[in-house]
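> can't give you the sequence, but here's the structure:
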């Protein structure tokens, strides 16, 4: 008889009641009801695509000098793509400066249409094209897209469809990043298993932190995902060191990064595409924040394709505006140029080895010492080989691994420890001297 892992509802209906009360059934905002602000930096190259103001505050245009996301595929677990939005279909999607990439739209057995063009909007924020149509530009305008529909709204969906969409993307080796700009207030094992599976397959899973009355949502609340929220840009805080959540976006321990989605000076929001028009719409929610962060991650990964998901995550973290992680907005605002340059400069073969442990020990006992190298989280651990020269060479001990243990004899005096560390083809040696003594003399 087959085992049963869990029995749970695919949809409780509780969230829908809350969302309905907060937003109304659709949750949609009226097109054109927000302030748009943008520049057209590609005119010198013959293209009139618009670049949203918020990308400048994340130094994305500066990062484009080094990376546009080429060779990276972003998976989108969302409400699918509008069939009448030509900019997210060939040939416009891969035209102009965005040539040489692909886009896929998988319905996942869901026939109903996207009632808000939510997935269309988030996809455009992450990777909208640069061409001569005069529309908005995505962060990673050189990246490919694989969109899988999980429901008809970011909060009206079936957990089975959601999990199947995530598993489908996890099994595609060409997908590096999975963006999830949808979620629920409750935790479901089916969703958790799908997230775990994707992370274990080496995917970087970036999620909207929540935009319903400031409440946190899953899967952003899982510890192995990256949560993004929307904050207000204040010209008096250009470095993003005193950030404030905007509107109904969530804050809290599940937030890893903040993205500017609203500008206080004029009310400008993030540019995104709607169902059919090439004229951009806009939004300020954590959905747009997650899509922006996914695009930045694609720029970083494209700059160094051999990186792992963990390495990309660490680089984003070290490029955040908060030196120490905050409770409300995590690591703050990511500087895209700084992150891309850090990825390009990363050399894990260049490191320093260290030995730690007691420098003076009584004889007739066992003692241990530990080896370490710089950047262990970003670059991984090294392999170690040890040697111990005792009393000028009267006795030798050797060993391997991060820790070295030896018995200090009564005749021992001076112990010269040496460890040789090897990582990514590079080596470094550290020395450490230990004085042994007889406590009874």
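That came in fine, so what should we check first? Predicted, not measured: the structure shown is a model, and the values here were computed from it.

> now do the SS call for residue 251.
Using DSSP: H, G, I helix; E, B strand; the rest coil, the structure places residue 251 in coil.

> wait, it sits on residue 328?
Yes: counting by C-beta atoms under 8 Å, residue 251 does reach residue 328; the two are 4.1 Å apart. Any C-beta I mention is one placed from the backbone N, CA and C, and that applies to glycine too.

> so how many other residues sit close to residue 363?
17 (other C-beta atoms under 10 Å).

> quick check: neighbours shared by residue 251 and residue 328?
residue 245 (C-beta atoms under 8 Å, 6 or more residues apart in numbering).

> residue 362 and residue 276, how far apart?
Separation of residue 362 from residue 276 (C-beta to C-beta, to the nearest Å): 80 Å.

> and residue 415, by the same measure?
Residue 415 is 76 Å from residue 276, where distance means C-beta to C-beta.

> so which of these two has more stuff around it?
Between residue 415 and residue 276, counted using other C-beta under 10 Å, the more crowded position is residue 415 (22 against 14).

> list the buried ones in the one helix or strand that one maps to?
Using DSSP states H and E, residue 415 sits in strand 414-423. Going by neighbour count (16 or more other C-beta atoms under 10 Å), the buried part of strand 414-423 is 415, 417, 418, 419, 420, 421, 422, 423.

> kindly indicate which of those lies nearest residue 36.
Proximity of these to residue 36 (C-beta to C-beta) peaks at residue 423, which lies at 48.2 Å.

> for the buried residues of strand 414-423, which one is nearest residue 379?
Nearest to residue 379, judged by C-beta to C-beta, of the buried residues of strand 414-423 is residue 423 at 6.5 Å.

> distance between the strand holding residue 415 and the chain's centre?
Strand 414-423 sits 37 Å away from the centroid of its parent chain (C-alpha atoms, centre = their mean, to the nearest Å).

> one more: stretch 67-84?
Centroid separation for stretch 67-84 versus its chain: 15 Å, with C-alpha atoms, centre = their mean.

> any low-confidence regions in this structure?
Flagging of the chain using pLDDT under 70 yields the residue ranges 1-33, 114-115.

> which segments of it make up each domain?
The record's domain parsing of the chain by automatic domain parsing lists 14-345, 353-437.

> highest mean neighbour count out of those domains?
Among the domains of the chain, domain 14-345 has the highest mean neighbour count (mean count of other C-beta atoms under 10 Å), at a mean of 21.

> contact partners for residue 128?
Shown in contact with residue 128 (C-beta under 8 Å, 6+ apart): 49, 87, 88, 135, 136, 137, 138, 141, 273.

> recalculate using a threshold of 10 Å.
Counting by C-beta atoms under 10 Å, 6 or more residues apart in numbering, residue 128 touches 49-50, 52, 87-88, 93, 98, 120-121, 135-141, 145, 271-273, 280, 291, 295.

> residue 423 too?
With contacts defined as C-beta under 10 Å, 6+ apart, the neighbours of residue 423 are 348-351, 353, 373-376, 379-384.

> same check, this time on residue 260
Residue 260 touches 52-58, 230-234, 240, 243, 246, 268-270, 284, 288-289, 292, 333, counting by C-beta under 10 Å, 6+ apart.
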